[in-house]
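Trainee: A structural model of the following input is requested.
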Amino acid sequence: MPTTPKEGPMISADAIRGYVDIMILSILRTAPSYAYELAHTISEVSEDEYTIKQTTLYSAVKRLEASALVESFQGVSPSGKPRTYYRLTPAGSSALVEKCEEWEATKSVVDRFVKGVL
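Mentor: Coordinates of the predicted model:
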């Protein structure tokens, strides 16, 4: 199993797949962002325990946009390059709360199974 710089196990894409939307929505709740910046923030916040693939990120953002949870707009990055930015919609804010509540319930159930294993 791949390890992180902290020498812990890297989180697999399969294990985290259902939670990518939470990550993206959570990042966008504070400010609009573009894809590269989203990917960097995910790696940074996860302390490099999870690195999102660009295809996974773009698929998730497009799915969230199609569901009207995020919207895109054209902007310019701090370096002056044109970028497609994404921002959270009011529906996205509500969905984030629901997804976080679902995560807490899911984590609670899984914790009951792994308790005492580690």
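
Trainee: can you give me the buried ones in stretch 36-49?
Mentor: When burial is assessed from 16 or more other Cβ atoms under 10 Å, stretch 36-49 yields the following buried residues: 37, 38, 39, 41, 42, 46, 49. From N, CA and C alone the C-beta is placed, and that goes for glycine too.

Trainee: and what of stretch 88-96?
Mentor: Counting neighbours by 16+ other Cβ under 10 Å, stretch 88-96 gives 88, 89, 92, 95, 96 as buried.

Trainee: give me the contacts around it.
Mentor: Residues from elsewhere that reach stretch 88-96 (Cβ atoms under 8 Å, 6 or more residues apart in numbering): 21, 22, 25, 26, 28, 29, 64, 67, 68, 69, 70, 71.

Trainee: in strands, which of those appear?
Mentor: 70, 71 (DSSP state E).

Trainee: what's the closest of the contacts of stretch 88-96 to residue 79?
Mentor: residue 28 (20.4 Å; Cβ to Cβ).

Trainee: unless I'm mixing things up, the closest one is touching residue 72, no?
Mentor: No. Using Cβ atoms under 8 Å, residue 28 is not in contact with residue 72, being 11.1 Å away.

Trainee: show me the longest helix that occurs in this structure.
Mentor: helix 90-114 (DSSP state H).

Trainee: distance check, the nearest residue to residue 27 once chain neighbours are set aside against residue 18.
Mentor: Leaving aside its chain neighbours, residue 27 sits nearest to residue 41 (5.2 Å; criterion: Cβ to Cβ, 6 or more residues apart in numbering). For residue 41, the distance to residue 18 (Cβ to Cβ, to the nearest Å) stands at 19 Å.

Trainee: this structure: helices as residue ranges?
Mentor: In the chain, the helices defined using DSSP H lie at 13-16, 20-28, 35-45, 54-66, 90-114.

Trainee: which of the residues in the longest one are buried?
Mentor: When you say that, I think you mean helix 90-114. For helix 90-114, burial by neighbour count (16+ other Cβ under 10 Å) applies to 92, 95, 96, 99.
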